[in-house]
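> sequence-free structure coming up:
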Ligand SMILES: O=c1[nH]c(=O)c2[nH]c(=O)[nH]c2[nH]1
C-alpha cells in the first residue's frame, strides 16, 4: 500500500519585469524578479487517480503572476508575494496553501555626469533580495532575505583555538583572508491576514536596508574570530533593529584562499607576512549556518 504523504505543485522560474513611469518627473523605476508559486490543498486525486478536475494548471498560475503584477504594486516583494498567494486561496476553495518565492535582481540607476539617469540602470552584482511566503487561511508566514552578496576582507580575520588532534593539519592563524557569499533571512511574526501585511509595508524596505548594512559593516569592521562568531553578531543586530522579526538565519560558505609556497623558485618569499599571491579555491569550502531567535 502507498499513501501520498505530501504534495505541492506549481510554476517555477517565472521571470517578470515591471516598469513604473512617473509622469510628473519622467523618471522610470524598474523591477525584475523571478517568481515560484507552489500550491497545496485537496489535490490528492490528481496524483492518485489521475483526476485533473482539482488541478489549476501551472500555466494559469503563470498568467496569474503576470496579471497580479499588472494590477498591484510589485514592491515591496513581501507585499506582492502576499497579494499573489492570497489570490489563490480566495479564488480556489480547495487550495489551502500558496508558497510564493521571489528573487529580485539588482537594477541600480546610472549616474551620468553626476546626475541620476531617469531610465538607465546597471547590474551591480548578482545579489538578490528574496521573499519566501507561505500563505494559509490561518495566516501569512513571510521570510525576507538576501542571497548572493559576495564579500571579501584581506585582513581582520583570525581562526585559532579549535580542536587539535590526530585529524588536524590546519595551522592556527591570526590573519587570514575571509570571503563568503551571504545568504541571510529574517522571519516576520506571522501575519494574521493580508491587511496586516499591507499595514507593515514600510518595515520591509527598512529591514532589508538595515540587514544589508549590518552585514557589511560587521563584516568590514569586526576583527573576526570565526565565521560562527561573526554571523551570530550580525543576527543579534538584525533582531535588535527589526522588532517585528522572530528569527534571523545566515548560511555562509567559507571561501578559502590558500597561501602558495614559492620558495622553491629562487627563494621567493610568499608565505606568512610575505604572502601576496594566493590560490582561490573553488571547493571544498566550509559552510556555516545558524538561526538566532528571540529568547
Ligand atoms: O571561521 C571558521 N570556522 C570554522 O569552523 C572553520 N573550520 C576551518 O577549517 N576553518 C574555519 N573557519
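Noted; the coordinates are in hand. Remember, predicted model here, so these are calculated numbers, not experimental data.

> Enumerate the positions of the helix ranked longest in the chain that are buried.
When the chain is parsed with DSSP state H, its longest helix is helix 201-221. In terms of neighbour count (16 or more other CB atoms under 10 Å), helix 201-221 has its buried residues at 203, 204, 207, 208, 210, 211, 212, 214, 215, 218, 219. All C-beta spots, glycine's among them, are computed from the backbone N, C-alpha and C.

> for that helix, packing partners?
helix 77-91, strand 139-153, strand 178-188, helix 227-241 (3 or more CB pairs under 8 Å, 6 or more residues apart in numbering; DSSP states H and E).

> could these go into JSON lines alongside mean neighbour count, mean pLDDT and distance to residue 160?
What follows is the helices and strands packed on helix 201-221, written out as JSON lines (neighbours: other CB atoms under 10 Å; pLDDT from 0 to 100; distance: least, CB to CB, whole Å):
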{"stretch": "helix 77-91", "mean neighbour count": "22", "mean pLDDT": "99", "distance to residue 160": "41"}
{"stretch": "strand 139-153", "mean neighbour count": "18", "mean pLDDT": "98", "distance to residue 160": "17"}
{"stretch": "strand 178-188", "mean neighbour count": "21", "mean pLDDT": "98", "distance to residue 160": "14"}
{"stretch": "helix 227-241", "mean neighbour count": "18", "mean pLDDT": "98", "distance to residue 160": "12"}
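
> what's the closest of those to residue 258?
strand 178-188 (12.2 Å; CB to CB).

> Can you list the strands that the closest one pairs with?
According to DSSP bridges, strand 178-188 has the following sheet partners: strand 139-153 (antiparallel), strand 245-254 (antiparallel).

> residues contacting residue 277?
With contacts defined as CB atoms under 8 Å, 6 or more residues apart in numbering, residue 277 is in contact with 260, 262, 270.

> same thing but 7 Å
260, 270 (CB atoms under 7 Å, 6 or more residues apart in numbering).

> that older thread, right, so of the strands paired with strand 178-188, which gets closest to the ligand?
strand 245-254 (5.2 Å; CB to the nearest ligand atom).

> Point me to the residue of the stretch 51-200 of the chain nearest the ligand.
In the stretch 51-200 of the chain, the residue that lies nearest the ligand is residue 159 (4.4 Å; CB to the nearest ligand atom).

> I'd say that residue and residue 173 touch.
Yes: contact criterion CB atoms under 7 Å: residue 159 and residue 173 qualify, at 5.6 Å.

> So for these two, which residue has more residues nearby?
A side-by-side neighbour count of residue 159 and residue 173, using other CB atoms under 10 Å, places residue 159 first with 20 against 13.

> Give me the pLDDT value at that one.
On the pLDDT scale, residue 159 is placed at 98.

> element containing the residue lying farthest from the centre of the chain, please.
Here the centre of the chain is the reference, and by CA atoms, centre = their mean the most remote residue is residue 266, at 47.5 Å. Assignment of secondary structure by DSSP states H and E places residue 266 within no helix or strand.

> check contacts around it.
If a contact means CB under 7 Å, 6+ apart, then residue 266 has no contacts.

> Now do the contacts for residue 137.
89, 96.

> separation between it and residue 218?
Using CB to CB, to the nearest Å, residue 137 is found at 39 Å from residue 218.

> before we move on, the earlier item: okay, the strands paired with strand 178-188 in JSON lines with distance to residue 49 next?
Converted to JSON lines, the strands paired with strand 178-188 look like this (distance: least, CB to CB, whole Å):
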{"stretch": "strand 139-153", "distance to residue 49": "31"}
{"stretch": "strand 245-254", "distance to residue 49": "40"}
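
> Need these in TSV (columns: distance to the ligand).
TSV is the format used below for the strands paired with strand 178-188 (distance: least, CB to the nearest ligand atom, whole Å):
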stretch	distance to the ligand
strand 139-153	13
strand 245-254	5
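
> Noted, bye for now.
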